[in-house]
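Novice: Need a 3D model of the following:
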Amino acid sequence: MTRVLHTGDTHIGYQQYHSPERRADFLAAFETVIDDAIEMDVDAVVHAGDLFHDRRPDLPDLMGTLSALRELNAAGVPFLAVVGNHESTRGGQWLDLFERLGFATRLGNDPIAIGSTAFYGLDHVPKSRRDDLDYDFTRPSDSDLDIEPAHHVFVGHGLFTPFAHANWETETVLAESTIDFDAVLLGDNHAPGIERVDDVWVTYCGSTERASASETDERGYNIVTVGDEIDIRRRGLDTREFVFVDVELAPGEGTGRAPDRLREYDLDDAVVIVTVTGDGERVTPAEIA
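Specialist: Below is the predicted model:
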């Protein structure tokens, strides 16, 4: 039996709303995930892509990420990951650097054994190039593994069926792969979800911070246990609160109405999203702030 923490879409370095505080939130969420993994003594952390928000993370974000990975490594917990579309570069990836430093393993066609489970990975592939994929994974018996894993897990980054916004068929991956997978752990879709596809459990862990105001549900990650049965359990993260305030202006109402509505809420340390509707006077963002 193998128990892993499945996370992804951490988007470290995203300065949402041009706010340094929000940028720090994304790194802090990742640090919390790492702390939780160490506390729970999982067999590995599996990151399903978009560790960083873009391909050129700034030095403070790199240093913070390295510090967290160093702590995870010191605790003896492997960090397995694939490359997402946000962080992908044309040459070497940041994940390659972390691997050379001994703090991460980049998943690919060859199996990485964690306990009784072999993990494989596929980086994000643009839709225009997917017809060239052959899903040719190395069987454990043909690799250098000292054991023959009892279970096999695929880790990928993309918008897969049957989840929202899908443009990549999970059925194709499972049918054409040279490995019979027991579970599929995904990143890219920021909404968590679990589905069954061709008798295989397929799951998104969701993002660890709200990358947009539309992400209203609690953020978190999955704990996945791989054995005779696949067990997937969601665990939430205590992230910065988003407060949504609707202001409807009656004829003749204007800038004074929005502050009145805002005073009805506890907004300490929260991200506040204000929506103004109605037939009142025009209100600019500067007049609300």
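Novice: Could you use CA atoms for every contact and neighbour count after this?
Specialist: Noted.
Novice: list the buried ones in stretch 135-146?
Specialist: Buried residues in stretch 135-146, defined by neighbour count with 16 or more other Cα atoms under 10 Å: 135, 137, 139, 140.
Novice: Which one of those is nearest to residue 204?
Specialist: residue 135 (20.2 Å; Cα to Cα).
Novice: right, and that closest one touches residue 177 too?
Specialist: Yes - under the criterion of Cα atoms under 8 Å, residue 135 makes contact with residue 177 at 4.7 Å.
Novice: returning to what we had before: would you reformat the buried residues of stretch 135-146 as JSON lines and include secondary structure?
Specialist: Formatted as JSON lines, the buried residues of stretch 135-146 follow (DSSP: H, G, I helix; E, B strand; the rest coil):
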{"residue": "135", "secondary structure": "coil"}
{"residue": "137", "secondary structure": "coil"}
{"residue": "139", "secondary structure": "coil"}
{"residue": "140", "secondary structure": "helix"}
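Novice: Doesn't residue 141 belong to a helix?
Specialist: Yes - assigned with three-state DSSP, residue 141 falls within a helix.
Novice: Quick check: it vs residue 113, distance?
Specialist: Here the criterion is Cα to Cα, to the nearest Å. By it, residue 141 lies 12 Å from residue 113.
Novice: And the contacts of stretch 240-259?
Specialist: Here stretch 240-259 makes contact (Cα atoms under 8 Å, 6 or more residues apart in numbering) with 25, 213, 216, 261-262, 267, 269-283, 287-288.
Novice: buried subset of these?
Specialist: Applying 16+ other Cα under 10 Å to the contacts of stretch 240-259 flags 25, 262, 272, 274, 276, 280, 283 as buried.
Novice: does the first one sit in a helix, a strand or a coil?
Specialist: Right, the one you point to is residue 25. helix.
Novice: Then the third one?
Specialist: When the structure is reduced to helix, strand and coil (three-state DSSP), residue 272 reads as strand.
Novice: How about it: what's its closest non-neighbour residue?
Specialist: residue 243 (4.8 Å; Cα to Cα, 6 or more residues apart in numbering).
Novice: got it, and the fourth one?
Specialist: The spatial neighbour of residue 274 that comes closest, neighbours along the chain excluded (Cα to Cα, 6+ apart), is residue 245 at 4.8 Å.
Novice: Quick check: mean pLDDT of stretch 121-138?
Specialist: For stretch 121-138, the mean pLDDT works out to 95.
Novice: got the end-to-end distance for it?
Specialist: Calculated as Cα to Cα, the first-to-last residue distance of stretch 121-138 is 11 Å.
Novice: Adding distance to residue 119, write the buried residues of stretch 135-146 out as CSV.
Specialist: Output for the buried residues of stretch 135-146, formatted as CSV (distance: Cα to Cα, whole Å):
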residue, distance to residue 119
135, 14
137, 11
139, 11
140, 10
